[in-house]
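Colleague: Take this sequence and fold it.
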Amino acid sequence: MKLPFKPSLMTIRRKPVKWIIIHHTSEMYLQPAAKIDNQIYQINSLNKGVLEMKQADINYHFVIDKIGEDYSAITCRPFVYLCDWDDIDPMINERSLHIALMGDYDIKQPEKRMYEVLAYKLLNPFMKMFGITPAKIKFHRDVSIEDITCPGDLLDLNVIVAQTRRFVLK
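Modeller: Okay, here's the model as predicted:
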């Protein structure tokens, strides 16, 4: 499926990246069955924002999804463009990369391999590229003005930080 990306509708990043915000994708699901990894619902939900709701692009820079037997990092929006999150202070949002984990981590336990792929493929390289420390990795709920659980109560920031440190080259 060819997606009609509209970069002219997206805001260009003018400030260096200082934060990495972790999300999950459960807010997109209308059907309860879709909250568990199910590509029939999940991929369609991501594309729906672009195709039906006429959004310029998927509102995450990257998504981690289980494809086949392993997790993969999928590029959704080049990080030169901002993601639009009205519930996040603009001073943080304008300097953030947004990474979503496919699924609902309020009801589903994250797999160890997902943590590893998140840390190795995305967090560690971006921390090196932008000079970010683990203290600058935040959950959406930590920077939102709304009362939300995103990226889910079962996701553990300490595990994310530990996995990220595991892949630091000495």
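
Colleague: Show me which positions of stretch 71-78 end up buried.
Modeller: Buried residues in stretch 71-78, defined by neighbour count with 16 or more other CB atoms under 10 Å: 71, 73-74, 76-77. For glycine as for every other residue, the C-beta is placed from the backbone atoms N, C-alpha and C.

Colleague: neighbours around residue 16, how many?
Modeller: Neighbours of residue 16 under the rule other CB atoms under 10 Å: 9.

Colleague: Please apply the same query to residue 157.
Modeller: By the criterion of other CB under 10 Å, residue 157 has 14 neighbours.

Colleague: For it, give me phi and psi.
Modeller: Main-chain torsions, residue 157, degrees, to the nearest 10: phi -60, psi -30.

Colleague: ditto for residue 81
Modeller: Torsion angles at residue 81 (phi, psi; degrees, to the nearest 10) stand at phi -100, psi 150.

Colleague: Could you do residue 112 as well?
Modeller: Here the main-chain torsion angles of residue 112 (degrees, to the nearest 10) amount to phi -60, psi -40.

Colleague: separation between it and residue 118?
Modeller: The spacing between residue 112 and residue 118, counted by CB to CB, to the nearest Å, is 11 Å.

Colleague: what does residue 15 give?
Modeller: For residue 15 relative to residue 118 (CB to CB), the value is 24 Å.

Colleague: Which one of these two is surrounded by more residues?
Modeller: Set side by side, residue 15 and residue 118 show unequal neighbour counts under other CB under 10 Å, the larger going to residue 118 at 25 against 10.

Colleague: Show me where this protein has its strands.
Modeller: For the chain, strands defined by DSSP state E occupy the ranges 19-24, 62-67, 70-75, 96-101, 137-139.

Colleague: Mean pLDDT for those strands - can I get that in CSV?
Modeller: Compiled in CSV, the strands of the chain are given as follows (pLDDT from 0 to 100):
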stretch, mean pLDDT
strand 19-24, 95
strand 62-67, 88
strand 70-75, 90
strand 96-101, 95
strand 137-139, 97
